[in-house]
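Asker: sequence? don't have it. structure:
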């Protein structure tokens, strides 16, 4: 818990982050996205799954005095909890939690359950944080994230994938790199593994 307390102090939060041990992102992953957000100052942030990440990113937008988080959440109860947490931290104007039930989507002729996106902002995305849907739902649970959202990514967009030490996530990253050759990949050896993907323009 000490790492979470340090993160809370660094962000100047007046109360403890809403942490659920089995579900919340590890403190070192939150530290990575916090550092990036404060440095890059993205205007549009999309995250897959809500929770402590939403509070951290919302607080970063508040400190940056710009930016907004759009969080896709398939569990209505969790969506409500995150909205309440944002209100408790007075961050609700910096983040929208979108209740997004899972629906069938097709990627590479395979069917997956992934977030409904009809209520997601169509703005260009500068930061994409992928921490859902849960891996227990299906194999390669998070694979549709890039096929569904790639067209909205800016040329400078940065993608953070949590739980990247798992075999499914490693395989997904390989598939993404095949599908999108202009992506570069860096693996960070955090508690659960973090893959960072960035776009670069091909040199002709």
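Answerer: Nice, I can see it. Just so it is clear, the structure is predicted and the values come from calculations on it, not from any experiment.

Asker: and the nearest residue to residue 67 once chain neighbours are set aside, how close does it get to residue 170?
Answerer: In space, and not counting its chain neighbours, residue 67 is closest to residue 61: 3.7 Å by Cβ to Cβ, 6 or more residues apart in numbering. Where C-beta positions appear, they are placed from N, C-alpha and C, glycine not excepted. Using Cβ to Cβ, to the nearest Å, residue 61 is found at 31 Å from residue 170.

Asker: would you map the helices across this structure?
Answerer: Assigned by DSSP state H, the helices in the chain fall at 2-11, 27-40, 52-64, 76-88, 145-149, 167-179.

Asker: verify the stated contact: residue 24 with residue 52.
Answerer: Yes: with contact defined as Cβ atoms under 8 Å, residue 24 counts as touching residue 52 (4.7 Å).

Asker: and those two? Which one has more around it.
Answerer: For residue 24 versus residue 52, the count of surrounding residues by other Cβ atoms under 10 Å is larger for residue 52: 23 against 17.

Asker: the more buried one is in contact with residue 13, isn't it?
Answerer: No: with contact defined as Cβ under 8 Å, residue 52 does not count as touching residue 13 (10.9 Å).

Asker: thinking again about what came up before, my guess is the residue nearest to residue 67 contacts residue 69, does it?
Answerer: Yes: with contact defined as Cβ under 8 Å, residue 61 reaches residue 69; the gap is 6.5 Å.

Asker: more neighbours, those two?
Answerer: Set residue 61 next to residue 69 and count neighbours by other Cβ under 10 Å: residue 69 wins out with 28 against 22.

Asker: which ones are touching that one?
Answerer: Contact analysis of residue 69 by Cβ atoms under 8 Å, 6 or more residues apart in numbering lists 45-47, 54, 57-58, 61, 94-96.

Asker: ok, the closest residue to it other than its chain neighbours to residue 125 distance?
Answerer: Using Cβ to Cβ, 6+ apart and skipping residues adjacent in sequence, the residue nearest residue 69 is residue 95, 3.8 Å away. Computed as Cβ to Cβ, the residue 95 to residue 125 distance reads 14 Å.

Asker: ok, residue 139 next?
Answerer: In terms of Cβ to Cβ, residue 139 sits 26 Å off from residue 125.

Asker: which elements pack onto the longest strand along the chain?
Answerer: If you go by DSSP state E, the chain has its longest strand at strand 153-162. On a contact count with 3 or more Cβ pairs under 8 Å, 6 or more residues apart in numbering; DSSP states H and E, strand 153-162 meets helix 27-40, strand 125-130, helix 167-179, strand 194-199.

Asker: which strands border that strand, and is each parallel or antiparallel?
Answerer: Under the criterion DSSP bridges, strand 153-162 sits next to strand 125-130 (parallel), strand 194-199 (antiparallel) in its sheet.

Asker: ok, the most centrally placed residue in the chain - contacts?
Answerer: Closest to where the C-alpha atoms of the chain average out (Cα atoms, centre = their mean) is residue 129, at 1.9 Å. Neighbouring residues of residue 129 by Cβ under 8 Å, 6+ apart: 33, 45-48, 53, 57, 159-160, 162.

Asker: please consider this matter closed, and thank you.
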